[in-house]
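Student: can you look at this prediction? I've put the sequence above it.
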Amino acid sequence: MTLLAVDDVAKAFGAVAAVAGVSLSVAAGERVALIGPNGAGKTTCFNIINGQLRPDRGRVAFDGRDVTGWRPRALARRGVGRTFQISQTFPSLTVRENVQMAMAAHGGRGAAIGRPLRRLDPAGADAVLERVGLRADGDRGAGALAYGDAKRLELAMVLAQSPTLLLMDEPTAGMAADERHQLMDLVSRLAREEGIGLLFTEHDMDVVFGHADRIVVLDRGRVIAAGDPAAVRADETVRRVYLGLDDA
Amino acid sequence: MDSLIGTLRLLAEEPSFAVAQALTGLAGASSLFLVSAGLTIVFGVTRVVNFAHGSFFMVGAYVAVSAITLVGFWPGMLVAALAVGALGVAVEVGILRRIYRAPELFQLLATFGLVLVIQDATLWLWGPEDRMGPRAPGLRGAVDVLGQPVPLYDLFLIAVGPLVLALLWLVFRRTRWGVLVRAATADREMTAALGVDQKRLFTGVFALGALLAGLGGALQVPREAANLHMDLNVIAEAFVVVVVGGMGSIVGAYLAAVLIGVVHAFGVLLFPKLTLVLVFLIMAAVLVVRPAGLLGEAPVPAGGGHGTGEPPLRPASPLLKLAGAALLVLLALLPLATEGYALVLMVDVLALALFAASLHFLMGVGGMISFGHAAYFGIGAYGAALAAKYLAAPMELALAFAPLAAAVAGLAFGWLCGRASGVYLAMLSLAFAQIAWSVAVQWLEVTGGDNGILGLWPSPWAAGPGAYYYLTLGLTTAGLLAIRWLAHTPFGQSLRAGRDSPRRAEALGMSVGARQWAAVAVAGAFAGLAGGLFAYAKGSVFPSFLAISRSVDGLVMVLLGGVQSLTGPIVGAIAYIGLADQLVRGVEYWRLVLGATIILLAVAFRGGLAGIAIRRAGAP
Ligand SMILES: Nc1ncnc2c1ncn2[C@@H]1O[C@H](COP(=O)(O)OP(=O)(O)OP(=O)(O)O)[C@@H](O)[C@H]1O
Ligand SMILES: [Mg+2]
């Protein structure tokens, strides 16, 4: 079942056509990697899908509904989770409270005044932290986390909202090689077991070819190739534009 | 109402009258433009909103009055502009340079402290009387425009605006220095990387901005006597101009100055008591259509995430709880030990502690900077007083009405400024408070003007000093505990979260704007309650309740206590009123002392008293 369908979206910043007509789709339980050189338009695509940016043209459909131009918070309530290229957490809250905040927002209690946030299902929050390996850090201030840990915390916050579609912009940047695969293993398992659709960008080709069911290659705002990993690896244009670095 | 219709009829029947009025407005716009242009240029490059910019304008006017008697009119103008430019250099090198990397709040505070320092320095140098300047030689008469006399000097001023605009345009397009300034405005990091001497560039830009403000003040001398209120009056309007025009846009500033100037000129005719309200409504209308102002670009929500932020909120430690309980017991026993003045003073301290805590909720928890929080304090006080006077409400009802009135004002302000944030919000909050103040002063029939509203009596059961003290203690304690509670709930924590990373908060499904709006109303309500308590303690209300100095009181208390700590404002209020206030107000030039203290706090001791305590305790 198609979860996300992006149809010919485009976005220009002044004279720069950051995204110039991109179409792609993600099915439930499917892992799609969006790759391409720096400045190819990957983050801009994410921003369009997630409602941070309104596309100049094109449509975004999620779960069979046209959601073009919806705000990020409306999409979040429908089940779209997103992590940012430069991880965004709440550094003035503890690690556990970051997750509790996400849980509260998910449960419609994001502005409740009945009891302190830290009393809101701490066990549930710890269970989510456990999944990303941050359980021991619950009481620390989130601002004190190392960069890779902040990325994991951001994932935990998104997972706490049980999304059906997960958008991850360079989820493993700043992590060591074994940590990368651990994290992607976790996400892959979620996709498989819970049918979450996953769209991610990544510069590490090991991660891409090891964890994607399908790959979409972007260059200068356009899709230059798409298909399963083997097909993309063999694609001439892709080799020249992107993987071509290896040939040199 | 009749006079309004009369004026409208006059304007309709005599178009020449309307033209003359428009010309007056345009003449007023020129000075306003000079000030606003300086403000906007400085902001564009340094990202600092200079609250003291109106003070430069005032100093320009005073220096001009003195210089004219020594060297003649036109050279006097030049001397004034150059002198203020030099003052700008001193300020930039002495203070601003040290805080470019500091959080916004501290930058704003430092320049705010400067306002106070310059005010007292001006008082000391020129005395309290208004200083009338001479007319401009050669431009004394008036010319006939459609049968209406228009002062020649006004026509000259009308020409000055576009002239300065053209000059600035030449400087920024045709000189290397100007190109560098524009590059720095567009991208600060980039210019730094290009190896431009940023320090000199910043100093130069600040000097130019100050010079323009000084010139604006000097040019105003033939129209208006130099006086000690010029600084805040002009800065409030300049803020509106800069926001309407778009931060950083000089042409936008000119357009907005003309708009505001003309609206002002007609407003004086049509709604003489509410001109500032009219100006504010115009601004709101522009912001609804163009959130970043006429020619401004939308500010990019920054923020994020990593390595920044404040320490997390922790539940009160047993020690803190014990200290709080001990303090409460002591305060409860106080009436046994003393009857007279000490109790009266303590009522002030308590009400102001609540006021400071409400401001802290807005700034420290919500991350919204307010330089006009006294508006809510005053609206609460006036709300109670008006309810008592016109509805014959008993004290209990009037005190309940106070937070309600202030919360409604908060909702209105939040709605008008819903899209503003950061420095915009700080500027608008000051403008809002100035307007509330001017309504209190000008709307004689309702508010009694400067005479205020007298004769507020507590209900019989609370009439004695001891009884009223207990009432205040009870309500203040409840208020402080409620604020503390709110900070820890999902509501309060999500405010802090939204401040940390608005993008993250929105992407998790939270509306940052709605929360902030609610927070303004909540903080307003508690400030209003404090105002109501204060009003009944004094038995009267006066415009000074909503004056800028009251807002400054709140800021100093919050800062003194430390922005990052929930106990900060309480400690700050006690320290400020108990010690500083008594010491400082005994000194003749207390503003100078206070301003210097604020600057010092902002430049050197950003954690406040609580921060010092934490540093001590945390030291190995
Ligand atoms: N807000 C913006 N304003 C102007 N230009 C932008 C903006 N955002 C992105 N761009 C430009 O759009 C193009 C695509 O940027 P984008 O961030 O989408 O690339 P990316 O594929 O995510 O790159 P990276 O791998 O470096 O993250 C770039 O040329 C970038 O400079
Ligand atoms: Mg990117």
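Tutor: Noted; the coordinates are in hand. Residues are numbered from 1 along each chain as shown, chains lettered A, B, ... in the order given. Ligands and ions are numbered 1, 2, ... in the order given.

Student: which residue ranges of chain B form strands?
Tutor: For chain B, the strands defined by DSSP state E occupy B:142-145, B:148-151, B:453-454, B:540-541.

Student: could you do chain A as well?
Tutor: Under DSSP E, chain A gives strands at A:2-13, A:16-27, A:31-35, A:57-62, A:65-66, A:80-83, A:165-169, A:197-201, A:214-219, A:222-227.

Student: can you give me how far the first one is from the chain middle?
Tutor: Okay, so that is strand A:2-13. Chain-centre distance of strand A:2-13: 15 Å, with CA atoms, centre = their mean, to the nearest Å.

Student: and it, what does it pack against?
Tutor: The contact analysis (3 or more CB pairs under 8 Å, 6 or more residues apart in numbering or on different chains; DSSP states H and E) places strand A:2-13 against strand A:16-27, helix A:42-49, strand A:57-62, strand A:197-201. For glycine as for every other residue, the C-beta is placed from the backbone atoms N, C-alpha and C.

Student: check what contacts the longest helix along chain A and list those residues.
Tutor: In chain A, with assignment by DSSP state H, the single longest helix is helix A:177-194. If you take CB atoms under 8 Å, 6 or more residues apart in numbering or on different chains as the criterion, helix A:177-194 is touched by A:29-31, A:131-133, A:148, A:151-152, A:155, A:159, A:166, A:168, A:171-172, A:175, A:196-198, A:200, A:204, A:206-207, A:210-211.

Student: so what's the residue nearest to the spatial centre of chain A bridging to?
Tutor: Centroid check for chain A by CA atoms, centre = their mean gives residue A:168 as the closest residue, at 1.5 Å. Note on residue A:168: beta-bridge partners by DSSP bridges are residue A:83, residue A:200.

Student: next one, pLDDT for it please.
Tutor: Per-residue pLDDT puts residue A:168 at 95.

Student: how close does it get to chain B?
Tutor: For residue A:168, the distance to chain B equals 12 Å [CB to the nearest CB, to the nearest Å].

Student: give me the number of neighbouring residues for the closest residue to residue B:393 other than its chain neighbours.
Tutor: Of all residues not flanking residue B:393 in the chain, residue B:387 sits nearest, at 4.2 Å (CB to CB, 6 or more residues apart in numbering or on different chains). Residue B:387 has 22 neighbours, counted by other CB atoms under 10 Å in any protein chain shown.

Student: ok, now which ones touch residue B:387?
Tutor: Going by CB under 8 Å, 6+ apart, residue B:387 touches B:393, B:397, B:398, B:401.

Student: any idea which of those residues is closest to ligand 1?
Tutor: residue B:401 (47.8 Å; CB to the nearest ligand atom).

Student: quick check: the closest one touching residue B:384?
Tutor: Yes: in this structure, residue B:401 is within contact of residue B:384 by CB atoms under 8 Å, at 5.9 Å.

Student: specify which residue of the two has the higher count of neighbours.
Tutor: Between residue B:401 and residue B:384, counted using other CB under 10 Å, the more crowded position is residue B:384 (33 against 21).

Student: and the more buried one, how far from ligand 2?
Tutor: Look at residue B:384 and ligand 2: by CB to the ion, to the nearest Å, they are 55 Å apart.

Student: need the contact list for the closest residue to residue A:138 other than its chain neighbours.
Tutor: Nearest-residue entry for residue A:138: residue A:96, 3.8 Å, with adjacent residues in sequence omitted and distances by CB to CB, 6+ apart. Residue A:96 sits next to A:118, A:122, A:125, A:126, A:129, A:138, A:139 when contact means CB under 8 Å, 6+ apart.

Student: do you know how far the closest residue to residue B:431 other than its chain neighbours is from residue B:442?
Tutor: Setting aside the residues directly before and after it, residue B:431 is nearest to residue B:236 in space (CB to CB, 6+ apart), at 4.8 Å. To residue B:442, residue B:236 is 14 Å away according to CB to CB, to the nearest Å.

Student: center of chain B, which residue is that?
Tutor: So for chain B, CA atoms, centre = their mean, it's residue B:430, sitting 2.8 Å from the centre.

Student: ok, that residue touching residue B:369?
Tutor: No: using CB under 8 Å, residue B:430 is not in contact with residue B:369; the gap is 9.9 Å.

Student: so where's the chain uncertain?
Tutor: Unless you meant another one, I'm taking chain A. Within chain A, the stretches with pLDDT under 70 are A:243-248.

Student: switch to chain B, please.
Tutor: Looking at chain B by pLDDT under 70, you get B:1-3, B:188-196, B:273, B:288, B:298-308, B:417-423, B:563-564, B:578-585, B:606-620.

Student: which residues of it lie near chain A?
Tutor: Within reach of chain A by CB under 8 Å from any CB of the partner chain, chain B has these residues: B:303-313, B:315, B:485-486, B:488-494, B:496-497, B:499-501, B:503-511, B:514-515, B:518.

Student: just to revisit the earlier point, ok, the residue nearest to residue B:431 touching residue B:436?
Tutor: No: Residue B:236 lies out of contact with residue B:436 (CB under 8 Å); the separation is 11.3 Å.

Student: could you dump the helices and strands packed on strand A:2-13 to CSV with mean neighbour count and distance to residue B:44?
Tutor: CSV is the format used below for those (neighbours: other CB atoms under 10 Å in any protein chain shown; distance: least, CB to CB, whole Å):
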stretch, mean neighbour count, distance to residue B:44
strand A:16-27, 19, 23
helix A:42-49, 25, 27
strand A:57-62, 17, 33
strand A:197-201, 26, 34
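
Student: which one of the ones you listed lies closest to ligand 2?
Tutor: Ligand 2 sits nearest to helix A:42-49 of all the helices and strands packed on strand A:2-13, at 3.1 Å, using CB to the ion.

Student: before I go, just wanted to say thanks for your time.
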